[in-house]
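A.B. asks: all I have is the shape, not the residue letters:
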Ligand SMILES: C[S@@+](CC[C@H](N)C(=O)[O-])C[C@H]1O[C@@H](n2cnc3c(N)ncnc32)[C@H](O)[C@@H]1O
C-alpha cells in the first residue's frame, strides 16, 4: 500500500481539492441545526427532509443550485475516478450516496450503466428527473446501512464521494464490505473523506469543535484518518490499496481480487488454523 501526497498540488490534486472543497461547506457558514434532536443513524429521515425540492436537495448536497457549477464539479470528480480507478465503456458503475446525480451526469455518457444509490428517495427522484435524457441510468434505494438491493458480483466500479463524513464508522465499513460483495472479481472501489491529518482537515475539524455539543446537527461532518480507511479496505479483502492525500481530502481505493486469487485467499485461513495454537483456532471459529 502506498500513500501519495498530492497536497503540494499536482494538477489533479489541485482540481480535486477545488472540485470537492465547496461540497463540505468550507465557506464558514453556520451549520444547519434543525436536526439536532435526531440520531445520526436516522439517515433516511434526515436526508429526505432536506431534499423535498430539487433546489433544496442541491443546496444540501453542495451549497449551490447553479447547473453550470454542478457540471464543472461533476467533471472534476469524473476526472478523479478515471485517473484512480478507471471508468471504461463496458463498466457498470454504482455510486453510494448519489445525491442529485452530480457525478452521474458526468459518468453516464462514458460507462455502460450508472446506478445511483441513496438513502433518500427524494434524492433518487431528483436524479431520475435531472438525468432523464440517459437510458443507462438506474436508481436504487438503500436502508442507509447496506446494498441489499444490489446482487453479488454485478458491478465493475463502486464509489462514494462526500458521503462518509456523514456516516457512523460502522456504516462506512459496512459500505466498503458491501462494495466488495457487489463487485465482480477485479472490480474497483473508491471512497473519500476529509483527512484530519492534513492542515486543511485539521482546520475543518477545529471549526466543527466550535459547535456547542447540544447544537450539533445529526449529520455534522466527521473526518477520517488515512489509517481508518485503509483498515476497512484491508479487512474487507481488497488488494492493490492506494491512498491519495489531496489537500483537505483522503481518497482511498482498492481492487477486489480476481476469482482465482480469491479462492486461494479463502483456502489460507484453514491452513493457518491447522498450524495455529488451539486457543487461537477457537477464537477464530
Ligand atoms: C453531501 S451529499 C453528496 C452527494 C453526491 N455524492 C455528490 O457528491 O454530489 C450526501 C449524500 O449522501 C446521502 N446519504 C446520507 N447518508 C446515507 C447513507 N447512510 N446511505 C446512503 N446514502 C446516504 C444523502 O442523501 C446525500 O444524497
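C.D. replies: Yep, it's here. All figures in this text were calculated on a predicted structure; none of them were measured in a lab.

A.B. asks: any idea which helix or strand carries residue 250?
C.D. replies: In this structure, residue 250 sits in strand 249-255 according to DSSP states H and E.

A.B. asks: what do you get for residue 79?
C.D. replies: Residue 79 belongs to helix 67-84, assigned by DSSP H and E.

A.B. asks: any residue of that helix touching the ligand?
C.D. replies: No - figure legend: helix 67-84 not in contact with the ligand (CB under 6 Å from any ligand atom); closest approach 6.6 Å. Backbone N, C-alpha and C define where each C-beta goes, glycine included.

A.B. asks: let me see the mean pLDDT of that helix.
C.D. replies: Helix 67-84 shows a mean pLDDT of 96.

A.B. asks: the strand holding residue 250 vs helix 67-84, what angle?
C.D. replies: 50 degrees (axes from the mean of the first three to the mean of the last three CA atoms, to 10 degrees).

A.B. asks: still on that earlier bit, and the helix holding residue 79, what other elements does it pack with?
C.D. replies: helix 11-21, helix 54-62, helix 104-107, strand 249-255 (3 or more CB pairs under 8 Å, 6 or more residues apart in numbering; DSSP states H and E).

A.B. asks: about what we covered before: partners of the strand holding residue 250 in the sheet?
C.D. replies: If you go by DSSP bridges, strand 249-255 pairs up with strand 183-194 (antiparallel), strand 239-246 (antiparallel).

A.B. asks: helix or strand right after the helix holding residue 79?
C.D. replies: strand 92-96.

A.B. asks: output the contacting helices and strands for that next one.
C.D. replies: Strand 92-96 packs on strand 113-118, strand 155-160, helix 169-182, going by 3+ CB pairs under 8 Å, 6+ apart.

A.B. asks: what angle do it and strand 113-118 make?
C.D. replies: Using the same axes, to 10 degrees, strand 92-96 lies at 10 degrees relative to strand 113-118.

A.B. asks: hang on, the earlier thing: any chance of the helices and strands packed on strand 92-96 in CSV, plus mean neighbour count?
C.D. replies: Listed next are those as CSV, based on neighbours: other CB atoms under 10 Å:
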stretch, mean neighbour count
strand 113-118, 26
strand 155-160, 25
helix 169-182, 20
